[in-house]
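Peer 1: this one's structure only:
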């Protein structure tokens, strides 16, 4: 074989190698495109789930604020009830000290049934 024949075989081998390499790159590109499509779909799903979770968090925050307002109002109501009860108890005590008839009435023992009911005892 001549030098030209060897050179032609070398070029042919080089062309064949480049063709195989190009086909391998094409297959790799197809795989990358498929992976990209899968990744994009996963991203869309993740974004949708994230938006839903954001909405849930926002709703829970709104409900927590409402609950806090209700609890604050209830605490104020309890404070007012305690204040009124203390004022009423003090007024009854003062009245008992100022009026002998009221003092006599307040010193009267309660019937046992009423005492159990008011003190929640058996």
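Peer 2: The structure has been received and is ready for your questions. Just so it is clear, the model here is predicted, and its values are computed rather than measured.
Peer 1: tell me how far residue 88 lies from residue 94.
Peer 2: 11 Å (Cβ to Cβ, to the nearest Å). No exception for glycine: its C-beta is placed from N, CA and C like everyone else's.
Peer 1: next: residue 70.
Peer 2: 36 Å.
Peer 1: would you agree residue 92 is in contact with residue 103?
Peer 2: No - using Cβ atoms under 8 Å, residue 92 is not in contact with residue 103, being 10.6 Å away.
Peer 1: point out the other helices and strands that whichever strand or helix holds residue 102 packs with.
Peer 2: For residue 102, the enclosing helix or strand under DSSP states H and E is helix 100-107. Counting contacts by 3 or more Cβ pairs under 8 Å, 6 or more residues apart in numbering; DSSP states H and E, helix 100-107 is packed against helix 3-98.
Peer 1: quick one: low-confidence ranges for the protein?
Peer 2: Across the chain, nothing is flagged by pLDDT under 70.
Peer 1: could you rerun that using 80?
Peer 2: Applying pLDDT under 80 to the chain flags the ranges 1.
Peer 1: tell me, what residue is most central in it?
Peer 2: residue 57 (5.0 Å; Cα atoms, centre = their mean).
Peer 1: any figure for the gap between that residue and residue 51?
Peer 2: For residue 57, the distance to residue 51 - Cβ to Cβ - is 11 Å.
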